[in-house]
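[1] next one to model:
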Amino acid sequence: MPRRCVLLCTSNGAGLGHVARMMAVAEQFGPDIDCVLFTLSAGLPIPVEAGLRVEHLASAGYLDVTTNEWHELLEDRVEQLISRYRPGLVVFDGVHPYRGLTNALGRRRFGGRPTRVWMRRAMWRPGVGDDTIQFADHFDEVIEPGEYGAEFDHGATSKVLTGVHRIPPICYVGPNENLDRDAACHELGLDAQALNVMVQLGAGTINDLDSTLGSLVGELQRVGTRPCLARSVLSAPADDPAGDISVVRQFPISRYFAAFDFAAIAPGYNSFHEALSLGLPSILVPNLATKTDDQDARSRWAHEQGLGLRWDGSDEQTLQEAVAALTDDEQRAGIRTRLAALRTADGSRTAARLIERWL
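    Model prediction:
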């Protein structure tokens, strides 16, 4: 009998969140399951280097085709992958299932069709995506990676109470997989004796003091900390700032959290849950211009719970107060203690067990 096979599909997000979640799930499968990762992301070398079997299709912009042409290409490609690997189950991780994908998954072949699973992140902005929820009709099962701040979720997914398998948060790196302080600082080229701060906002100009990033780094330098920009491996080195600001491009950066005393991050799903689950005190700077993801809700929840400090980029005094709090050893230790009480972010294991059961 052929081995059981799972096809994991990711959308082409701006970052690596979808890829990291699918990699986390893939690592939890038992030895009797073959796994293929099909990604639209330019970050495909990362799962390749991790030892996964990877298939790829570039986005419409890279291929210089129209949207309709690209959906036809995607539909053909998914058909080819299903014919080649004969997966018993297909998982799509993304907010908006592509027409080409759902068309291909809807066809019966070889006497049947694979079980179709939508890995659908929650915490959508209110009033957004009510029509997108209807795509659940194209899938047999829906998995929702957990949100620490679920009580602040008032988006479209929060109104769907049945037919959804809600699991703990998914993080690629667990608490026993990260480096210690000395090893992390050595690999990143940082001084282990300094007060190091990871800055991961994803946008902004560091030399523009009127920008969110520029104001933040300026304040961190003013009080004597050592800011370090954590850049995506997908970003170009030419975009790095000049001067004495450290820049790192490790994936996953969460393995190196011990090198930092605290962080300033945009609370996207992965960054937020990695920081909280691994006990990294953070200034949470929500991107208020996202299309779907409600980063502001996450930051407000964490602020109210004493698990982080929210700053929306508009108030210099609030920034100064947040930096002052996190440069204080006692206040920082208090946040770490509260973070340690959060439930374990082991949703990848739960997701893998569900998938194995459906297979």
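[2] use CA for all of it now, contacts and neighbours both
    Fine.
[3] buried set for the least confident helix or strand in the chain by mean pLDDT?
    Confidence across the helices and strands of the chain bottoms out at helix 60-63, with a mean of 86, counting by mean pLDDT, DSSP states H and E. For helix 60-63, burial by neighbour count (16 or more other CA atoms under 10 Å) applies to Ala60.
[4] residues making contact with the helix or strand following it?
    Counting by DSSP states H and E, the element after helix 60-63 in chain order, helix or strand, is helix 67-85. For helix 67-85, contacts defined as CA atoms under 8 Å, 6 or more residues apart in numbering pick out 5, 57, 59-60, 98-101, 103-105.
[5] now render those as a markdown table, adding secondary structure.
    Shown next, in a markdown table, are the contacts of helix 67-85 (DSSP: H, G, I helix; E, B strand; the rest coil):
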| residue | secondary structure |
| --- | --- |
| Cys5 | strand |
| Leu57 | coil |
| Ser59 | coil |
| Ala60 | helix |
| Tyr98 | coil |
| Arg99 | helix |
| Gly100 | helix |
| Leu101 | helix |
| Asn103 | helix |
| Ala104 | helix |
| Leu105 | helix |
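[6] which two of these have the greatest separation?
    The distance between the two most remote of those (CA to CA) is 28.1 Å, for Cys5 and Ala60.
[7] quick one: the least confident helix or strand of the chain to chain centroid distance?
    23 Å (CA atoms, centre = their mean, to the nearest Å).
[8] what's it packed up against?
    Judged by 3 or more CA pairs under 8 Å, 6 or more residues apart in numbering; DSSP states H and E, helix 60-63 is in contact with no other helix or strand.
[9] quick one: the helices in this protein, in order.
    Here the chain has its helices, by DSSP state H, at 17-26, 45-49, 60-63, 67-85, 99-105, 181-188, 212-222, 269-277, 295-304, 316-326, 329-340, 347-358.
[10] out of those helices, which is closest to Leu201?
    helix 212-222 (7.2 Å).
[11] distance of Lys291 relative to Cys5?
    Relative to Cys5, Lys291 is positioned 34 Å away (CA to CA, to the nearest Å).
[12] more crowded one of those two?
    Cys5 (20 against 11; other CA atoms under 10 Å).
[13] OK, contacts around the more buried one?
    33-36, 85-89.
[14] that older thread, out of the helices of the chain, which comes closest to Val199?
    Comparing these by CA to CA, helix 212-222 comes nearest, at 8.1 Å.
[15] closest to Gln134 out of the helices of the chain?
    Closest of those to Gln134 is helix 99-105, at 12.3 Å (criterion: CA to CA).
[16] out of the contacts of helix 67-85, which end up buried?
    So, by 16+ other CA under 10 Å, the buried ones in those are 5, 57, 59-60, 100-101, 103-105.
[17] measure Asp93 to Gly112 for me?
    23 Å.
[18] I should have written Ala60 there, sorry.
    For Ala60 relative to Gly112 (CA to CA), the value is 30 Å.
[19] can you check Arg166 too?
    27 Å.
[20] the two: who's more crowded?
    Each of Arg166 and Gly112 has its neighbours counted (other CA under 10 Å); Arg166 has more, 19 against 9.
[21] so for that one, what pLDDT did the model give?
    If you check Arg166, the pLDDT there is 96.
[22] can you check Gly202 too?
    In this model, Gly202 carries a pLDDT of 63.
[23] got it, and Asp328?
    97.
[24] how many residues are close by it?
    What Asp328 shows, counting by other CA under 10 Å, is a neighbour count of 10.
[25] before we move on, what about the one 3 residues further on?
    Residues within reach of Gln331, counting by other CA under 10 Å, total 14.
[26] list the contacts of it.
    Counted by CA under 8 Å, 6+ apart, Gln331 has contacts Ala325.
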